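Chemist: can't give you the sequence, but here's the structure:
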């Protein structure tokens, strides 16, 4: 008898497959966004880097993201937080969310790059959802580890370890049970 797969195990297996499949693409995309953030920061504040290096620590606001407005593709507050590779000094008004560091439209180089990265991000999200849909279809059509392996042998590394099925203990012989009930009933 094969081990049954619970709903939680099926979801865990699906998440493991998704993470294994998309980790490299997501990491590359994240690095591209970080490179964009570093490039924008250097373009905006590169000329004052020497001065900023001499300012006492904790005097300036530091952040690992840069709020930038991109026409046609903005976050909830009208701008996106673009990540940077290291914590960097930014104006206090930008740090507190009262302003954006810069604004670019879709025809400027930074705007074009941001749009390209957002399109890659959208495609990655669509690919992930499509694979998730197929994985859910597969794993919800099987009930046991053995059935999952028969349907898709390549899923073995993602499955929980095959544990021996615990056999039920033998039942108490009914004639002993009946005798016990009779003895209890009669008060013996």
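Modeler: Ah, there it is. Predicted, not measured: the structure shown is a model, and the values here were computed from it.
Chemist: mind listing what residue 91 touches?
Modeler: Taking C-beta atoms under 8 Å, 6 or more residues apart in numbering, we find residue 91 in contact with 61, 99, 101. (Glycine included, C-beta is placed from N, CA and C.)
Chemist: Now the first one. Its backbone dihedrals?
Modeler: With angles defined as degrees, to the nearest 10, residue 61 shows backbone torsions of phi -70, psi 140.
Chemist: Offset the numbering so it begins at 12, please.
Modeler: Happy to do that; since the first residue is 12 now, the last one works out to residue 72.
Chemist: can I assume it is in contact with residue 99?
Modeler: No: using C-beta atoms under 8 Å, residue 72 is not in contact with residue 99, being 9.8 Å away.
Chemist: neighbour count winner among the two?
Modeler: Legend: neighbour count by other C-beta atoms under 10 Å for residue 72 and residue 99, higher for residue 99 (20 against 14).
Chemist: Flag the least confident of the contacts of residue 102.
Modeler: The lowest pLDDT within the contacts of residue 102 belongs to residue 110, with 77.
Chemist: can you give me the strands in the chain?
Modeler: With DSSP state E as the criterion, the chain has strands at 72-81, 91-101, 113-115.
Chemist: In TSV: those strands, plus distance to residue 17.
Modeler: Listed next are these as TSV, based on distance: least, C-beta to C-beta, whole Å:
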stretch	distance to residue 17
strand 72-81	39
strand 91-101	37
strand 113-115	49
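Chemist: Got the confidence number for the residue lying closest to residue 33 once chain neighbours are set aside?
Modeler: Leaving aside its sequence neighbours, residue 33 sits nearest to residue 139 (C-beta to C-beta, 6 or more residues apart in numbering; 5.7 Å). Looking at residue 139, its pLDDT is 97.
Chemist: just checking, residue 149 touches residue 162?
Modeler: Yes: under the criterion of C-beta under 8 Å, residue 149 makes contact with residue 162 at 6.0 Å.
Chemist: Can you tell me which of the contacts of residue 102 is nearest residue 122?
Modeler: Set against residue 122, the nearest of those by C-beta to C-beta is residue 112 (13.9 Å).
Chemist: That closest one contacts residue 100, correct?
Modeler: No: contact between residue 112 and residue 100 fails when scored by C-beta under 8 Å: they sit 11.6 Å apart.
Chemist: Looking at these two, which one has more neighbours?
Modeler: More crowded of residue 112 and residue 100, by other C-beta under 10 Å: residue 112, with 22 against 19.
Chemist: which residues touch that one?
Modeler: By C-beta under 8 Å, 6+ apart, the residues touching residue 112 are 51, 52, 55, 77, 78, 79, 101, 102, 105.
Chemist: helices or strands up against the worst-scoring helix or strand of the chain on mean pLDDT?
Modeler: The helix or strand of the chain with the lowest confidence, counting by mean pLDDT, DSSP states H and E, is helix 103-106 at a mean of 72. Helix 103-106 sits against strand 72-81, with contacts defined as 3 or more C-beta pairs under 8 Å, 6 or more residues apart in numbering; DSSP states H and E.
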